[in-house]
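Colleague: any chance you can model this:
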Amino acid sequence: MSFFEVETWVPKPGVQAEHDEMVRRWSAFVREHQPELFPEWKSARYFRQVDRYTGQPTGRFVMMFEYISHPAFLAYKERRKEWSGPYAAYKEVDPYQFFDLETVTEAYWEPNDVGVWLDFAGQGSLP
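Modeller: Residues are numbered from 1 along each chain as shown. Down below sits the predicted model:
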C-alpha cells in the first residue's frame, strides 16, 4: 500500500528565482537517478498553494512524495540519512537551502478505504 510524505514550505525572502531553479535541478537529478537512488518512490508531485477565491499564489509550496509502502519509506530514509555515498550528490541539489526552515511542515498519509475512491481518468484531462 502506498505511503505519502507531504512537505510544505515558503522560500526565504528574495530567493524565489534561485528556489525555482533549484527545484528544477532537483527534479532533473531525481529523474536521472531514480532507479538506483530512489527505487522506493512511486511519484513526486510539486504544487504551488493558491488562494481559494482568487487563485493567486500564497507563497507556500507543497511536495508530495509517494512511496511503495511505509516500510519502503523508512528504508529510504535510513539509507539516505548520512547523505553519504551517492546521496552526497543529491544533497548538492537539495532545495532546502532556499526554504525558510521556520515554515517547513511535514505530514504523512496512507490510503484509507480505497473502495470509496473515485478515478475519472480518461473522462477529461488536466491542463
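
Colleague: which parts of this structure are strands?
Modeller: Counting by DSSP state E, the chain forms strands over residues 3-9, 41-50, 57-67, 105-109, given from the N-terminal end onward.

Colleague: buried ones in the third one?
Modeller: Neighbour-count burial for strand 57-67 flags Phe61, Met63, Met64, Phe65, Glu66, Tyr67 (criterion: 16 or more other CB atoms under 10 Å). The C-beta positions use only the backbone N, C-alpha and C, and glycine is treated the same way.

Colleague: on that earlier part again, for the strands of the chain, which one sits closest to Arg25?
Modeller: Shortest separation from Arg25 across the strands of the chain is recorded for strand 41-50, at 12.9 Å, computed as CB to CB.

Colleague: CA atoms only for that closest one - export them in PDB, please.
Modeller: As requested, the backbone C-alpha atoms of strand 41-50 are provided in PDB (Å, rounded to 0.1, in the frame of the first residue of the first chain):
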ATOM      1  CA  TRP A  41       9.500   6.200  -4.800                       C
ATOM      2  CA  LYS A  42       6.400   5.800  -6.900                       C
ATOM      3  CA  SER A  43       6.000   9.500  -7.600                       C
ATOM      4  CA  ALA A  44       6.800  13.000  -6.500                       C
ATOM      5  CA  ARG A  45       4.400  15.900  -7.200                       C
ATOM      6  CA  TYR A  46       5.100  19.600  -6.800                       C
ATOM      7  CA  PHE A  47       2.400  22.200  -6.100                       C
ATOM      8  CA  ARG A  48       2.100  25.900  -5.500                       C
ATOM      9  CA  GLN A  49      -0.600  26.800  -3.000                       C
ATOM     10  CA  VAL A  50      -3.100  29.400  -4.200                       C
END
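
Colleague: how far out from the middle of the chain is that strand?
Modeller: Between the centre of strand 41-50 and the centre of its chain there are 5 Å (CA atoms, centre = their mean, to the nearest Å).
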